[in-house]
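1. everything below, folded, please.
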Amino acid sequence: MPVKVRCRQCEKVFAAPDRARGKRIRCPECREPVKVPAGKRKRPAETESADDESLFSSLDLSQAEDTTARLCPKCAAEVSTEARTCPHCHVDLQTGAISSRMQKRLKRKGPDPALFYKTAWADSWRFMLSNQRLVFQTWIVNIFIVTMQVLMVFVAFWIVITFLPPVPDEAQQMAMGENAEEEEKFKVPLLSELLLKNGFNILSVMSAFIYMVIAGWFWTMAVQIVRTTLSRKTQAKRLSFQVVDSLANGFKMYFWCVIFPLPVLIVAVPAILLLAGGSTVFSGGALPQPQAFRTVPIMIIGGAIGLVTALSVPSALAHMAQKHTYRAWSLPLMAVTSVRNIVPTLYLGLIGLVAAILPVAVIGGGVAVNFYVLKVAFNTPHFLAWTPLSTFEGVTEGAEVGISFPWTAIGGYAGTIVVASLFGAYALIFWTRAVGLYTYYFQQRLELIKGTKPGELAGFWARYVAALVDTVIVAVVGCIFEPVELWKMNEKGKLVAVLFAGLAVSLISQYGFSRGLGLSYLALLPICGISYFARSECSKEQATLGKEAVGIMVSGLNGERLTFAQALTRAFMKILLGVVSFAAGFTPRKQAPHDVIAKTLVVFRGDLDRE
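-> You can find the predicted model right below:
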């Protein structure tokens with residue numbers, strides 16, 4: 001207890017702590033030393049009285065322990081009798097230590113991948129049932145596209161059988177004179193004549209175009225479902241069907257189907273041709289016959305490429321749902337990722353096969369009905385309609401047409417596709433949800449790119465995808481649109497555009513239209529490529545269309561915008577060096593030879609700048 005003392009200097013009375021007994025302390029008023037009497041420290045009061053001792057002495061404390069409860073030896077938390085580890089501190093209840101397997105699990109960031117195999121089926125089933133709005137949207141889109149295809153074929157068929165002029169007889173040919181054959185070469189064909197001769201090919205292209213809408217809708221829905229799964233939601237975001245947006249995404253999906261396997265095909269196709277036709281293929285000989293491609297080595301190579309591509313689709317779809325998708329455009333990258341996750345990838349393949357049973361069964365039933373009940377062939381509408389037109393030569397005025405539109409066969413085809421598409425929509429949503437769960441539980445092993453920093457150096461794969469996109473743009477439309485863009489720039493650009501046009505006209509007038517047009521294309525292609533890269537990379541965006549799609553740009557060594565001379569030097573050296581440009585992924589600053597020469601860097605814009 002505190003001791004009261006009085007200062008002899010200022011007569012101040014104050015309390016000294018009990019531990020200061022026998023010592024000197026300073027007065028808080030005058031700061032003079034004051035001696036505290038030693039005395040005896042008071043012992044603390046007894047906590048238990050004699051009565052208390054007599055009260056509890058009769059109790060047997062050994063009986064107070066609850067022997068039915070099981071406690072963790074480390075945190076003393078109550079655990080079940082069946083538990084092997086503590087759910088709170090994760091120690092082994094027998095050894096009292098954390099096992100190496102549990103330590104590895106605790107160090108893991110993100111969810112436990114082992115839970116994927118338990119939740120894939122049940123969660124995908126619940127998601128499919130709770131999002132039937134997406135099912136019926138998909139079904140309606142399919143019905144709309146199939147109806148459009150049938151109407152398109154019917155209109156083309158009607159034009160041919162209605163307006164195709166009959167073949168002239170001998171008397172009419174004699175009346176035309178000797179120059180009839182020469183005039184026929186320069187005659188503009190009628191639409192009915194064009195459709196009769198090339199209608200199947202034209203309708204095939206148009207069918208692929210309208211089915212691009214379905215592909216785009218599938219792409220949009222699949223990406224949205226994966227994103228919904230990553231955010232741990234059970235209800236997908238409401239999607240509105242837009243034809244233009246679906247066409248754009250469909251084109252993107254078609255383009256991906258070409259770009260994705262391209263690195264493997266560049267190596268595999270020459271090997272397949274060599275196996276099929278020998279050295280004659282590369283020495284200017286004729287291409288091998290179709291039977292030559294059915295040999296065992298070629299079928300093994302083709303099957304291996306197809307299998308690797310199919311196994312890589314889930315990992316590619318996982319990357320497509322991120323902000324940065326460039327890894328999803330590379331088959332080698334996705335193949336390595338799929339091999340690293342081969343068990344869940346094969347599990348997804350099993351889920352996909354099970355989900356496809358009903359749609360495939362419906363299609364098989366439709367084929368059987370067409371063959372054995374309706375007694376008609378099962379094929380696409382334009383094939384069924386154009387097969388009887390192969391012998392059609394037109395109808396004279398007043399005569400009856402002996403060919404009718406094959407409504408039965410086309411109706412059987414359309415009905416089968418409509419019914420199968422309903423079950424296919426359920427299967428697609430079920431499997432896509434499973435892919436979303438795969439993305440969620442294995443996100444650490446998938447190496448998803450969720451963000452980039454401004455100025456971060458762009459590696460090989462980002463630049464590879466951008467280069468492929470730019471190559472396709474320059475090869476397909478560069479010779480047409482690049483002179484137009486140059487014309488819009490300034491007076492010098494207009495002069496260059498006029499020179500381009502003059503070169504094309506000169507070659508066409510000298511070598512004829514077809515050959516001259518081909519030579520003009522080959523002559524202008526590298527020039528248009530240099531102009532495209534130089535003009536785009538010194539612009540305000542500092543990037544070509546391919547680089548903008550990936551989210552990268554070209555800058556100087558200190559991040560500054562390129563001058564036109566610098567961009568022109570870079571573009572010229574890039575076209576000149578060609579394949580050597582891919583050395584960018586193996587240098588310290590990710591620079592290709594043309595970057596070193598032009599003193600440039602290729603960097604990411606960063607997520608904030610892209611938004």
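
2. for the stretch 401-550 of the chain, what spans make up the helices?
-> Applying DSSP state H, counting those that start in this stretch to the stretch 401-550 of the chain gives helices spanning 407-441, 443-446, 460-473, 479-489, 491-511, 513-537, 545-550.

3. could you list the low-confidence segments of this protein?
-> 1, 39-69, 103-110, 166-189, 277-294, 394-401, 513, 585, 607-611 (pLDDT under 70).

4. what sits up against stretch 250-263?
-> 211-219, 305, 309, 312, 316, 328-332, 334, 465, 468-469, 472 (Cβ atoms under 8 Å, 6 or more residues apart in numbering). Just so you know, the C-beta spots here come from the backbone N, C-alpha and C atoms, and that holds for glycine as well.

5. state the distance from the closest residue to Gly424 other than its chain neighbours to Gly411.
-> Among residues not flanking Gly424 along the chain, Pro359 sits closest, at 4.2 Å (Cβ to Cβ, 6 or more residues apart in numbering). Distance, Pro359 to Gly411, using Cβ to Cβ, to the nearest Å: 20 Å.

6. can you list the helices of the stretch 401-550 of the chain in JSON lines and add mean neighbour count and distance to Thr391?
-> Formatted as JSON lines, these follow (neighbours: other Cβ atoms under 10 Å; distance: least, Cβ to Cβ, whole Å):
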{"stretch": "helix 407-441", "mean neighbour count": "21", "distance to Thr391": "17"}
{"stretch": "helix 443-446", "mean neighbour count": "17", "distance to Thr391": "57"}
{"stretch": "helix 460-473", "mean neighbour count": "20", "distance to Thr391": "41"}
{"stretch": "helix 479-489", "mean neighbour count": "16", "distance to Thr391": "40"}
{"stretch": "helix 491-511", "mean neighbour count": "14", "distance to Thr391": "39"}
{"stretch": "helix 513-537", "mean neighbour count": "18", "distance to Thr391": "31"}
{"stretch": "helix 545-550", "mean neighbour count": "20", "distance to Thr391": "48"}
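
7. which one of the ones you listed lies closest to Ala571?
-> Across the helices of the stretch 401-550 of the chain, Ala571 has its closest neighbour in helix 513-537 (3.7 Å, Cβ to Cβ).

8. tell me which residues are up against that closest one.
-> 470, 473-475, 478-479, 482-483, 485-486, 489, 496, 500, 503-504, 507-511, 543-545, 547, 553-554, 562, 564, 567-568, 570-572, 574-575.

9. next: stretch 232-240.
-> Contacts for stretch 232-240 (Cβ under 8 Å, 6+ apart): 126-127, 130-131, 133-134, 137, 220-221, 224-225, 228, 440.

10. among the residues you listed, name the ones in helices.
-> The helices, defined by DSSP state H, take in 126-127, 130, 133-134, 137, 220-221, 224-225, 228, 440 from those.

11. farthest-apart pair in those residues, please.
-> Using Cβ to Cβ for every pair in the ones in helices among the contacts of stretch 232-240, the one that comes out farthest apart is Gln137 and Tyr440, at 24.1 Å.

12. mind giving me the domain split of this structure?
-> 3-35, 84-113, 115-446, 460-610 (automatic domain parsing).

13. in the shortest one, which residues are buried?
-> Of the residues in domain 84-113, those buried under the neighbour-count criterion (16 or more other Cβ atoms under 10 Å) are 85-86, 90-91, 93, 98, 111, 113.

14. hmm, who's touching stretch 430-441?
-> 110-113, 115-116, 119-121, 123-125, 127-128, 221-222, 225-230, 232, 314, 317-318, 321, 341, 344-345, 348, 351-352, 355, 446, 448.

15. and those, which of them are buried?
-> 111, 113, 116, 120, 123-124, 127-128, 221-222, 225-230, 314, 317-318, 321, 341, 344-345, 348, 351-352, 355, 446, 448.

16. closest one to Lys74 among the domains of the chain?
-> Between those, domain 84-113 lies closest to Lys74; by Cβ to Cβ that is 4.8 Å.

17. end-to-end on the closest one?
-> One end of domain 84-113 to the other measures 21 Å (Cα to Cα, to the nearest Å).

18. gap between it and the chain center?
-> Its chain's average C-alpha position is 35 Å from that of domain 84-113, according to Cα atoms, centre = their mean, to the nearest Å.

19. ok, stretch 233-252 next?
-> 14 Å.

20. measure it end to end?
-> End to end - Cα to Cα - stretch 233-252 spans 27 Å.

21. before we move on, back to that, make sure the residue nearest to Gly424 is indeed in a strand.
-> No. Counting by DSSP: H, G, I helix; E, B strand; the rest coil, Pro359 is not part of a strand but helix.

22. that one against Val418, yeah?
-> No. At 11.8 Å, Pro359 does not count as touching Val418 under the criterion of Cβ atoms under 8 Å.

23. just the strands in the stretch 1-150 of the chain please.
-> Along the stretch 1-150 of the chain, the segments classed as strands by DSSP state E, counting those that start in this stretch run 3-6, 13-16, 24-26, 33-35, 70-71, 78-79.

24. give me the buried positions along the fourth one.
-> The neighbour-count check on strand 33-35 (16+ other Cβ under 10 Å) flags Val34 as buried.

25. name every strand pairing with that strand and say which way it goes.
-> strand 24-26 (antiparallel) (DSSP bridges).

26. swap in the last one?
-> Paired with strand 78-79 in the same sheet, following DSSP bridges, are strand 70-71 (antiparallel).

27. any idea how far the strand it pairs with is from the middle of the chain?
-> With Cα atoms, centre = their mean as the basis, the mean position of strand 70-71 lies at 50 Å from the chain mean.
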